[in-house]
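**Q** Return atomic coordinates for the entry below.
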Amino acid sequence: MSVPVRLRPVVEADLPDLERMFIEPEQLGLFNWSGWSDPTRLTKQWHEDRLLSEEHTLLMVDVSGETVGFVSARKHMTTAYSYCYEFGISLWTHARGKGYGTLAQRRLARYLFAHSTVNRIQAKAEIDNIAEQRSLEKAGFIREAVHKGWHFRDGAWRDEVVYRMCRDELPPMTT
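**A** Modelled structure (predicted):
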C-alpha cells in the first residue's frame, strides 16, 4: 500500500470525533460496540494526561493528513514484574476495508517495541470478526488461541481469538 498511514498523539480538535464514537454505535462498529458509556471519558482523560501514559495510550490514525480512527494500547501485567501490551483499533466507517488498519497495527507494534521494554504485544478479535483477523495476520500477528465465552456483547457471550507478536517476530516495515 503506497498511502502514507501514520500514528500521532490526540489533539484537542480530535476530541469531538472520539466522543462521537461512543454515542453513535455504527461508528464503533458491530464488534466494538458494547453499550452506552460516558462519551466524555476520553476527553476527561485527555485533560489529565493527553491519553499518553505507561498504562494506557491512545493514538490517532492519520492517512494522507486525514484522521481515520484510533489505536489504543493498555498495559497488561503478566506477572508481578513483567507485562505485555494489549491493543485495539477503531476506524471511522468510511476508512474500513482499505488496508489502513493493517498498516496502523504494524506501526503501533513498531512504536511499542521501540519505546518500551515490552517483549509481547497482543490483540483479540471476536471469532466472527474475520476482517480484523485478516488484518492482524497481514500486519504480522500470529493466531495463538481462542478464549471461549470471553466477553458479553449484544445479549450473548462471545469467543475471542488471541493474536500475538513478540519482539523477535516484528516484520520489516515496507510502507
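**Q** what's the longest helix along the chain in contact with?
**A** When the chain is parsed with DSSP state H, its longest helix is helix 100-114. Applying Cβ atoms under 8 Å, 6 or more residues apart in numbering, the contact partners of helix 100-114 are 1, 3, 5-7, 59, 61, 63, 68-69, 71, 73, 85, 87, 89, 91, 118, 121, 123, 132, 135-136, 138-141, 165, 167, 170-171, 173, 175. Quick note: C-beta positions are derived from backbone N, CA and C, even for glycine.
**Q** Find the least confident helix or strand in this protein, judged by mean pLDDT.
**A** Using mean pLDDT, DSSP states H and E, the weakest-scoring helix or strand in the chain turns out to be helix 25-28, at a mean of 76.
**Q** picking up where we left off before, show me what counts as buried in the longest helix of the chain.
**A** 100-113 (16 or more other Cβ atoms under 10 Å).
**Q** Quick check: mean pLDDT of that helix?
**A** Average pLDDT, helix 100-114: 96.
**Q** can you map out the helices along the protein?
**A** So, for the chain - with DSSP H - the helices run 15-21, 25-28, 41-49, 100-114, 130-138.
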